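A.B. asks: Quick one, structure for this:
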Amino acid sequence: MTMLSWKVAGRAYAAAMVETAGRLAEDLHGLGRRYFAAPQAHPLATVHAGAQCWGGGQHAAKRPRRANLLTCGIGLPDTTVDGDMNSLRTGTPELMRRGMTPTDMPARGRDQAVEPERVAPEVTAWRRRFTGVRYTVDQT
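C.D. replies: Reported below is the predicted structural model:
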């Protein structure tokens, strides 16, 4: 995002990230997941804390990837995981720029009870709806 885009759309973009991260955190909480959400302080938004139970954040990121959801390991001030990150990050900034809103944040593909390959085609079809770029000089 350019500085000019931040000047034009930054407030709306930041508000969308906070709202969307909150919605995702609510859904994760409903699934019984621990999370760390500090979108006002950092634009990385919602993070699943405690990835130790999954063998670490990078290891844990492989499961949602099988559902066509991209996440990554990230280190938080929490219990360490030898050879891996201790948490899993789901960043909302780019999701917002692609046109997603809080109502587009269901945690279905993150549900451990659902086999990732079963929802992968649904996730792929859902993702096709988001082709634009928002929060720029031209478009907020």
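A.B. asks: how far away is the closest residue to R127 other than its chain neighbours from D82?
C.D. replies: Leaving aside its chain neighbours, R127 sits nearest to N68 (7.0 Å; criterion: CB to CB, 6 or more residues apart in numbering). All C-beta atoms are positioned from the backbone trio N, CA, C, and that covers glycine. From N68 over to D82 the distance is 29 Å, taken as CB to CB, to the nearest Å.
A.B. asks: any idea how far W6 is from the closest residue to T71 other than its chain neighbours?
C.D. replies: Nearest residue to T71 in three dimensions, chain neighbours excluded: A61, at 4.6 Å (CB to CB, 6+ apart). For A61, the distance to W6 equals 29 Å [CB to CB].
A.B. asks: Do you know the pLDDT at H48?
C.D. replies: Here, the pLDDT recorded for H48 equals 64.
A.B. asks: ok, T136 touching A9?
C.D. replies: Yes: shown here, T136 and A9 form a contact pair, counting by CB atoms under 8 Å, at 6.5 Å.
A.B. asks: Comparing those two, which residue is more hemmed in?
C.D. replies: A9 (20 against 17; other CB atoms under 10 Å).
A.B. asks: ok, now how distant is the more buried one from H59?
C.D. replies: A9 sits 36 Å away from H59, going by CB to CB.
A.B. asks: Surely the residue nearest to R127 is in a strand?
C.D. replies: No: assigned with DSSP: H, G, I helix; E, B strand; the rest coil, N68 falls outside any strand and is coil.
A.B. asks: Show the pLDDT at the spatially most central residue of the chain.
C.D. replies: Of all residues in the chain, the one closest to the mean position by CA atoms, centre = their mean is T90, 2.5 Å from it. pLDDT, T90: 76.
A.B. asks: same question, the one 3 residues further on
C.D. replies: As predicted, P93 sits at a pLDDT of 78.
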